[in-house]
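A.B. asks: My questions are about this predicted structure, shown below with the sequence.
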Amino acid sequence: MSKKTLLNSKDIEIILHRLACQLIENHNDFSNTVLIGLQPRGSYLANRLTDLLKTEYNIQNLQLGLLDITFYRDDFRRREEPLAATSTQINFLIEDKKVVIIDDVLYSGRSVRAALTALQSFGRPKNIELLVLIDRRFSRHLPIQPNYRGRQVDAINEEKVLVSWKETEKKDAVYIEQR
Amino acid sequence: MDKLSVAHLLGIKYLNTNDIDLIFKTADHFKEVINRPIKKVPSLRDITIANLFFENSTRTKLSFELAEKRLSADVINFSAGQSSVKKGETLIDTVNNILSMKVDIVVMRHGNVGAGVFLSKHVNAKIINAGDGTHEHPTQALLDSYSIREKLGSVKGKKIVIIGDILHSRVALSNIFALQLQGAQVKVCGPTTLIPKYITSLGVEVETNLKKALEWCDVANVLRVQHERMDIKYFPSTREYTQLFGINKEILDNLGKKIVIMHPGPINRGVEITSDVADSDQSIILNQVENGVAVRMAVIYLLAQQIKR
């Protein structure tokens, strides 16, 4: 199994800063915007971006929620291994707010579809945008596109994109691996 | 891991500790869901569940029905009072008729011990036992343990006394299995006529003095006196029962510690427990009801996961 580094920690840092600036461009002081990280893997990116916006760009009162989509997935009972849920932590309503969904890799688009349904339980948002670190553009099953993307990757289906974060895997990096 | 070891929920005695952990972890997530503004998830959209209640029930039936609806399952209800059972139909015939309407899960309460086990061998559906006679009531025991875990952090090492009519209680038996499985110590307390002869063979101690039992325990699970199951007089009068085994504020205040009071409902206020105790801050009776929905959602969700199309 060969593994190739797609992004190293320096690349990721630059990308995070760019994504933060793009968010500020569209959302100013974030007074009417909330960030929603998709559990489990999207929450690392969401936390990282939130920290960056607070410390480097002086955005106060930033609201971050973490959303688990397990109960909204469309492959319940259609796969061999059972789905394990993680926790949802959203302590606010998204009624009339601008929502930015954050995930690490956009692949088929099914997770985002589930997240869109799940978010309805927290109110009717003004609009929803999507931010991803890696956009695998040739593998979509649904008409879903990101508004903010870190890097576009033309990986084929036999390849797997792995995102590692220093919080859990000791190192920030994105790899591409032959299955 | 992340999978139940059983195909049906017929009783706690068929479960292992991993199963209970998994049910509780899943219930934690559903508890968060049912406290949202919109308390519903679409997981079970294509699942149909029949609630078959051959015996009366209010809260268990409501709790199951709510749990099923919160998971977006289609629900049909059946009560023996208004059905063909009265006309002489057998259990298997009744259930098979309902199953031919393409039902995936059956939640059943029945007056006969082992009705759930019997059904699971003869029909092609997931069976959840919602109480079979004086045998087991697994979801009640699960929600009781879940409530203890929520209140005290864990069940392991805790001392729990079950007070009252142990002889006729499926709640008591399921609770004994569930609590022991999780490493708790269990005592039972009540009139000797209402304590089964062989209960000590389950590793349970018997205490007939209420005050001693309460002084020993961290949690008191108070059961209802089930007049409807008593064909003979087991104690001279309700008044005497209350004097010997009724829990009131005075007894609790004199304990020198704060114990947790539980009751599976319905309460006979003033008989096994006084109103000021039932409504006090030591009582987690209403938390039990809320947790019941989350725990039942978890059980249904985990069993539904095994259904393959």
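C.D. replies: Everything's here; your move. Residues are numbered from 1 along each chain as shown, chains lettered A, B, ... in the order given.

A.B. asks: Enumerate the residues of chain A near chain B.
C.D. replies: A:68, A:70-72, A:76-78, A:81-88, A:93, A:117-118, A:120-123 (CB under 8 Å from any CB of the partner chain). (C-beta placed from N, C-alpha, C; glycine too.)

A.B. asks: where along the chain do the strands fall?
C.D. replies: Using chain A here. Using DSSP state E, the strands of chain A run over residues A:3-7, A:33-38, A:63-67, A:98-106, A:127-136, A:148-153, A:159-164, A:173-178.

A.B. asks: I was after chain B.
C.D. replies: Under DSSP E, chain B gives strands at B:48-53, B:74-79, B:105-110, B:126-132, B:159-163, B:185-189, B:205-207, B:219-222, B:260-262.

A.B. asks: Now do the last one: which elements does it pack against?
C.D. replies: It refers to strand B:260-262. helix B:138-152, strand B:219-222, helix B:285-304 (3 or more CB pairs under 8 Å, 6 or more residues apart in numbering or on different chains; DSSP states H and E).

A.B. asks: what residue lies at the spatial centre of chain A?
C.D. replies: residue A:103 (1.2 Å; CA atoms, centre = their mean).

A.B. asks: so what's it closest to, chain neighbours aside?
C.D. replies: residue A:42 (3.8 Å; CB to CB, 6 or more residues apart in numbering or on different chains).

A.B. asks: Run through chain A and note the low-pLDDT ranges.
C.D. replies: For chain A, residues meeting the criterion pLDDT under 70 lie at A:1.

A.B. asks: if we go to 80?
C.D. replies: A:1, A:79-84, A:157, A:179 (pLDDT under 80).

A.B. asks: contacting residues around the longest helix belonging to chain A?
C.D. replies: Scanning chain A for the longest helix, with DSSP state H as the assignment, gives helix A:9-27. If you take CB atoms under 8 Å, 6 or more residues apart in numbering or on different chains as the criterion, helix A:9-27 is touched by A:7, A:30, A:33, A:48-49, A:52-53, A:56-57, A:59, A:98, A:100, A:129, A:131, A:133, A:148, A:150-151, A:166, A:171-174.

A.B. asks: tilt between it and strand A:159-164?
C.D. replies: Calculated by axes from the mean of the first three to the mean of the last three CA atoms, to 10 degrees, helix A:9-27 forms an angle of 90 degrees with strand A:159-164.

A.B. asks: May I have helix A:9-27 as CSV, with CA atoms only?
C.D. replies: Below are the C-alpha coordinates for helix A:9-27, written out as CSV (Å, rounded to 0.1, in the frame of the first residue of the first chain):
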residue,chain,number,x,y,z
SER,A,9,1.7,20.8,8.2
LYS,A,10,3.0,24.1,6.6
ASP,A,11,0.6,23.7,3.7
ILE,A,12,-2.3,23.1,6.1
GLU,A,13,-1.4,26.1,8.2
ILE,A,14,-1.5,28.4,5.1
ILE,A,15,-4.8,26.8,4.0
LEU,A,16,-6.3,27.4,7.4
HIS,A,17,-5.4,31.0,7.4
ARG,A,18,-6.8,31.4,3.9
LEU,A,19,-10.1,29.7,4.8
ALA,A,20,-10.3,31.9,7.9
CYS,A,21,-9.8,35.1,5.8
GLN,A,22,-12.4,33.9,3.3
LEU,A,23,-14.9,33.3,6.1
ILE,A,24,-14.2,36.8,7.5
GLU,A,25,-14.8,38.3,4.0
ASN,A,26,-18.3,36.9,3.9
HIS,A,27,-19.3,37.0,7.6
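
A.B. asks: Residue A:155 contacts residue A:139, correct?
C.D. replies: Yes - the pair residue A:155 / residue A:139 is scored as a contact, 7.5 Å apart, by CB atoms under 8 Å.

A.B. asks: quick revisit: for the residue nearest to residue A:103, give me its contacts.
C.D. replies: A:101-104.

A.B. asks: Stretch B:265-273: end-to-end distance?
C.D. replies: 11 Å (CA to CA, to the nearest Å).

A.B. asks: what does the average pLDDT come to for that stretch?
C.D. replies: Averaging pLDDT along stretch B:265-273 gives 91.

A.B. asks: How many residues are close by the residue nearest to residue B:283 when sequence neighbours are not counted?
C.D. replies: Spatial nearest neighbour of residue B:283, excluding adjacent residues (CB to CB, 6+ apart): residue B:261 at 4.4 Å. Residue B:261 has 22 neighbouring residues, counting by other CB atoms under 10 Å in any protein chain shown.

A.B. asks: Can you tell me how far the closest residue to residue A:63 other than its chain neighbours is from chain B?
C.D. replies: Nearest residue to residue A:63, sequence neighbours excluded (CB to CB, 6+ apart): residue A:34, at 4.4 Å. Computed as CB to the nearest CB, to the nearest Å, the residue A:34 to chain B distance reads 15 Å.

A.B. asks: Quick one: residues contacting the residue in the stretch 101-250 of chain B that chain A sits nearest to.
C.D. replies: The stretch 101-250 of chain B approaches chain A most closely through residue B:104 (10.1 Å), counting by CB to the nearest CB. Residues in contact with residue B:104, defined by CB under 8 Å, 6+ apart, are B:47-49, B:125-126, B:304, B:307.

A.B. asks: for the nearest residue to it once chain neighbours are set aside, what are its contacts?
C.D. replies: Spatial nearest neighbour of residue B:104, excluding adjacent residues (CB to CB, 6+ apart): residue B:47 at 4.9 Å. Listed by CB under 8 Å, 6+ apart, the contact partners of residue B:47 are B:71, B:73-74, B:104-105, B:304, B:307.

A.B. asks: Could I have the buried ones of these as ChimeraX selection syntax?
C.D. replies: Selection command for ChimeraX covering only the buried members of the contacts of residue B:47, criterion 16 or more other CB atoms under 10 Å in any protein chain shown:
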select /B:71,73,74,104,105,304
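
A.B. asks: now, among the contacts of residue B:47, which is nearest to chain A?
C.D. replies: residue B:307 (5.9 Å).

A.B. asks: So that closest one sits against residue A:76, correct?
C.D. replies: No - if you go by CB under 8 Å, residue B:307 and residue A:76 don't touch, sitting 9.9 Å apart.

A.B. asks: The closest residue to residue B:161 other than its chain neighbours: neighbour count?
C.D. replies: Excluding its sequence neighbours, the residue lying closest to residue B:161 (CB to CB, 6+ apart) is residue B:217, at 4.2 Å. By other CB under 10 Å, 24 other residues sit near residue B:217.

A.B. asks: Now for residue B:217: which residues touch it?
C.D. replies: B:159-161, B:187, B:259.

A.B. asks: ditto for residue A:171
C.D. replies: Per CB under 8 Å, 6+ apart, neighbours of residue A:171: A:9, A:164.

A.B. asks: cool, residue A:158 as well?
C.D. replies: A:178-179.

A.B. asks: what about residue B:97, neighbour count?
C.D. replies: 11.

A.B. asks: Residue B:215 against residue B:252, yeah?
C.D. replies: No - assessed by CB under 8 Å, residue B:215 is found out of contact with residue B:252, at 10.9 Å.
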